[in-house]
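A.B. asks: Below is the structure, and that's it, no one-letter string:
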């Protein structure tokens, strides 16, 4: 209970957020409206709707905190206009549709509390056509960060303060999203708007966007920070941006690097990522071994992928057999093969992750794979040995060069994250895709849904 009280005290004491929501709800609520307070928590938004004149409010939350909402609302005198349902909204059914849905599941980075799927499902099943959603849309923002306090989140595991047996937890820390409070001077560049998402629309299972930063000063890149700028309705907005004069009392999301990277004024940092934590793990894995890398997520048209191959001039491509978008399986390797032909790089080595939805055993009947290989990895030996035996190789040998191998998915917390590589030259550029791998080293791509 203490944790619940602390959490909701934070929500209820954020006067800036409360006034923003109050203004938005009072602007759009009409006396005839039925309102659904989704993930209601202590019931504050639904209570605002009642006080704004809503005909009826349905409070829904799967946690026992709904009892706080129940007591508060009933003691406020609204017992004849309310209903309380303790359940997840995905299991909920309502006899009638509502005129308005309100929700405050906005996380540090906007979408990290699951608001996209939550509101998409609720609006599809519970909201009348032309109904109102508060909040209505969401801007996701990014910026590169230089912060000693953020740097210490990972550095503290290697500073001698913990027994040496546990220093490996620094790697886990580097692959963990953190909530931090940043100051404007800790940003290496002006903020970039990653995307604007309209809330309540059908949420894609696979999202990817591009952001580019140009450092405005010399510094150390400790990681990437993310936050939101949310439109509740019309011109009423709220944000947790560290540079906003009227920001909410809410932290920003921080995605750390295990080791800070020195940057000079004018250097470019490009991120092309889906909004899933595993993508960050894959990028940090490359950063850890010093691999200058370009991340292009599957499903891109062959022509666009070819443009990136020509620009990056990579020595290796890591890909998968397919991606998943809702109920569709998107084959990647035909796109990859076509892209490499366009880029005049048909012989470029590739590591291919075989996904169960479209295993290599199936698609190899259609495509000819002549330049795939796998760098030996202890975690992948079972799959590699099976593939080697299929190609007539002795047990323990690995299919390399022109032979076809299947790479086993490696969990983000696996010891295989202890990667090895030769250091790169100090004058490497952001557009270079060249990175040497030592014999016996590991190059990792983290598989994910989508």
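C.D. replies: Structure's in. What do you need? Computed from a predicted model, the values in this text were never measured in an experiment.

A.B. asks: Sketch out the low-pLDDT regions of the chain for me.
C.D. replies: 203-213, 265-293, 297-299, 314-316, 318, 325-327, 349-355, 360-450 (pLDDT under 70).

A.B. asks: Now the element after the strand ranked longest in it, going C-ward?
C.D. replies: Longest strand in the chain, counting residues (DSSP state E): strand 219-233. Sequence-wise, the next helix or strand downstream of strand 219-233 (DSSP states H and E) is strand 236-239.

A.B. asks: Quick one: list the elements packing against that next one.
C.D. replies: On a contact count with 3 or more C-beta pairs under 8 Å, 6 or more residues apart in numbering; DSSP states H and E, strand 236-239 meets helix 15-28, strand 219-233. Every residue, glycine included, has its C-beta placed from N, CA and C.

A.B. asks: Ok, which of the ones you listed comes nearest residue 348?
C.D. replies: Proximity to residue 348 (C-beta to C-beta) singles out strand 219-233 among the helices and strands packed on strand 236-239, at 28.5 Å.

A.B. asks: Let me know the angle separating the closest one from helix 15-28.
C.D. replies: Counting by axes from the mean of the first three to the mean of the last three C-alpha atoms, to 10 degrees, strand 219-233 points 30 degrees away from the direction of helix 15-28.

A.B. asks: about what we covered before: taking the helices and strands packed on strand 236-239 together, which one is wrapped up most tightly?
C.D. replies: Among these, the stretch with the highest mean neighbour count (mean count of other C-beta atoms under 10 Å) is strand 219-233, at a mean of 23.

A.B. asks: Can you tell me the strand partners of that one and which way each runs?
C.D. replies: Taking DSSP bridges as the criterion, strand 219-233 forms sheet pairs with strand 137-145 (antiparallel), strand 236-239 (antiparallel), strand 252-263 (antiparallel).

A.B. asks: Distance to residue 108 and mean neighbour count for those - can I get that in JSON lines?
C.D. replies: Shown next, in JSON lines, are the strands paired with strand 219-233 (distance: least, C-beta to C-beta, whole Å; neighbours: other C-beta atoms under 10 Å):
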{"stretch": "strand 137-145", "distance to residue 108": "11", "mean neighbour count": "23"}
{"stretch": "strand 236-239", "distance to residue 108": "12", "mean neighbour count": "20"}
{"stretch": "strand 252-263", "distance to residue 108": "4", "mean neighbour count": "21"}
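
A.B. asks: Quick one: those as TSV, columns for distance to residue 348 too.
C.D. replies: Shown next, in TSV, are the strands paired with strand 219-233 (distance: least, C-beta to C-beta, whole Å):
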stretch	distance to residue 348
strand 137-145	30
strand 236-239	43
strand 252-263	26
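
A.B. asks: Tell me which of these sits nearest to residue 49.
C.D. replies: Of all the strands paired with strand 219-233, strand 236-239 comes closest under C-beta to C-beta, at 15.1 Å.

A.B. asks: outside of the closest one, which residues touch it?
C.D. replies: Outside of strand 236-239, the residues within contact range by C-beta atoms under 8 Å, 6 or more residues apart in numbering are 16-17, 20-21, 23-24, 27, 141, 227-232, 247-248.

A.B. asks: correct me, but residue 230 touches residue 138?
C.D. replies: Yes: with contact defined as C-beta atoms under 8 Å, residue 230 counts as touching residue 138 (5.1 Å).

A.B. asks: so what sits against both of these two?
C.D. replies: 106, 110.

A.B. asks: Give me the nearest residue to residue 294, chain neighbours excluded.
C.D. replies: The shortest distance from residue 294 to any non-neighbouring residue, by C-beta to C-beta, 6 or more residues apart in numbering, is to residue 312 (4.3 Å).

A.B. asks: Count the residues that sit near the one you found.
C.D. replies: Other residues lying near residue 312 total 19 when counted by other C-beta atoms under 10 Å.

A.B. asks: Same check on residue 303?
C.D. replies: By the criterion of other C-beta under 10 Å, residue 303 has 12 neighbours.

A.B. asks: Surely it is in a helix?
C.D. replies: Yes: if the criterion is DSSP: H, G, I helix; E, B strand; the rest coil, then residue 303 is within a helix.

A.B. asks: distance of it from residue 340?
C.D. replies: Taking C-beta to C-beta, to the nearest Å as the measure, residue 303 falls 12 Å from residue 340.

A.B. asks: Equivalent analysis for residue 64, please.
C.D. replies: Counting by C-beta to C-beta, the gap from residue 64 to residue 340 is 55 Å.

A.B. asks: ok, which stretches of the protein are helices?
C.D. replies: Taking DSSP state H to define them, one finds helices in the chain at 2-12, 15-28, 44-51, 66-75, 115-126, 148-155, 169-174, 277-289, 302-312, 333-342, 360-363, 381-390.

A.B. asks: which one of these is the most hemmed in?
C.D. replies: Highest mean neighbour count among the helices of the chain (mean count of other C-beta under 10 Å): helix 44-51, a mean of 23.

A.B. asks: which other helices and strands contact that helix?
C.D. replies: helix 15-28, strand 34-38, strand 56-60, helix 66-75, strand 98-103.

A.B. asks: could you dump the ones you listed to a markdown table with distance to residue 169?
C.D. replies: Supplementary listing: the helices and strands packed on helix 44-51 in a markdown table, determined by distance: least, C-beta to C-beta, whole Å:
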| stretch | distance to residue 169 |
| --- | --- |
| helix 15-28 | 34 |
| strand 34-38 | 37 |
| strand 56-60 | 38 |
| helix 66-75 | 36 |
| strand 98-103 | 35 |
